[in-house]
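Undergrad: Give the three-dimensional model of this entry:
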Amino acid sequence: MSDKKENINKQEEKMEEVFSEIKEIYDNSTNHLEENIKEQLNVASDLKEELGNTDFDKNIEQLQALRDEISKLKSEIGKLNDMKDISFSSLIIKDVKAVGEKLSSLQTKAVDSIKNLYGNIKNQLSYNLTKVQEKFVQAKISIVKGLVSTMQDFIKNQQQKLNDCMEKLDGLAEEIKKDEKEIADKESTEKVNAAEVKTEIKPEIKEKEKSEEKEGEKPKEKAEEISEKSAKKEQKKTIKKEKQEKKTPKKTPQKTSKQVSEKANIKEKAEDIKLKRKPSVLQALKENQKKIMDSEKTKEEKAIKKDKGMEI
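TA: Reported below is the predicted structural model:
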């Protein structure tokens, strides 16, 4: 583990060296570009003043815009120089590459501006110029040619250095990233193992605590068990008793001799009352028979009287 971290530290030191080289290339390139644009502006301004026409206004405008862009780029490179205390990450490398791309774009614009300037100067020779003006124009053409060749050599040289530095930077960044991942993976596995050990120890402690608690609670549990068993036994007895009571019919209580005699007297009195209230069956039959005989006798008497009347 310590070897890996030491290796990362060494790689970061190398990266710092490469980073310093890149920043130096950026500083040199922007300074050279700034000087080149300044020279172009001087040439365009001198020709405008000497020839007294507005043909170089567009060149001057283009070169001034380029000069402003170079100033902004220089401030961005200055911000990169302030990143000394920050550890290298993919974000910083992206910033470095972004500045490189802007520098390359400005160099392309500078080449286009010098090309436009050269074309415009050459076009001045087609005008009716005095000998002095013609010589002046030729001198400015020579200056522009020198600027072109200088820029060409400088950009080639700086671009080669920049490409080499960028390759080194990318390689080191990948290597550091790989080593950091290995260290992170190792640390995470160690954490997992430590957590597993803790989880293994914890159940053992818990089981011990539980066993101790159980041992302490044993007498209490026994007493509870005994009381519970006796309660269940009582419950079973009561249920059995209830079942037996349901099966056996209920016995009526035996009556005493006094109660029996009293009941008999009451019954006799009730019958006497009934007899008094209701006539006997025999008496009723006699009364009915008498009524029938009386009705027959009256019928016979009526029949005799009728017969007498008929005789009369």
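
Undergrad: For the rest of this, base every contact and every neighbour count on C-alpha atoms.
TA: OK.

Undergrad: for the stretch 151-300 of the chain, what spans make up the helices?
TA: 257-277, 281-311 (DSSP state H, counting those that start in this stretch).

Undergrad: Now the shortest one: average pLDDT?
TA: Mean pLDDT, computed over helix 257-277, is 59.

Undergrad: Then stretch 153-169?
TA: On average, stretch 153-169 scores 82.

Undergrad: same check, this time on stretch 37-47
TA: Rounded mean pLDDT across stretch 37-47 is 95.

Undergrad: Just the buried residues of that stretch, please?
TA: 37, 39-41, 43-44, 46-47 (16 or more other Cα atoms under 10 Å).

Undergrad: what does it contact?
TA: By Cα atoms under 8 Å, 6 or more residues apart in numbering, the residues outside stretch 37-47 that reach it are 56, 59-60, 63-64, 66-67, 110, 114, 117, 137, 140, 144.

Undergrad: Are there helices or strands packed against whichever strand or helix holds residue 143, and which ones?
TA: Take DSSP states H and E as the rule and residue 143 turns out to sit in helix 131-247. With contacts defined as 3 or more Cα pairs under 8 Å, 6 or more residues apart in numbering; DSSP states H and E, helix 131-247 has these neighbours: helix 2-51, helix 90-124.

Undergrad: other SSEs contacting the shortest one?
TA: The elements that helix 90-124 packs onto, with contact taken as 3+ Cα pairs under 8 Å, 6+ apart, are helix 2-51, helix 57-81, helix 131-247.

Undergrad: any idea of the mean pLDDT for it?
TA: On average, helix 90-124 scores 87.

Undergrad: picking that back up, from the buried residues of stretch 37-47, pick the one nearest residue 25.
TA: Residue 25 has its nearest neighbour among those in residue 37, at 18.1 Å by Cα to Cα.

Undergrad: how much space between that closest one and residue 69?
TA: Distance of residue 37 to residue 69, given as Cα to Cα, to the nearest Å: 11 Å.

Undergrad: Also residue 107?
TA: Counting by Cα to Cα - residue 107 and residue 69 are separated by 11 Å.

Undergrad: Looking only at neighbour counts, state which of those two leads.
TA: residue 107 (21 against 15; other Cα atoms under 10 Å).

Undergrad: Contact partners for the more buried one?
TA: Contacts of residue 107 (Cα under 8 Å, 6+ apart): 33, 155.

Undergrad: now with 10 Å?
TA: Residue 107 makes contacts with 29-30, 32-33, 66, 70, 101, 113, 151-152, 155, as judged by Cα atoms under 10 Å, 6 or more residues apart in numbering.
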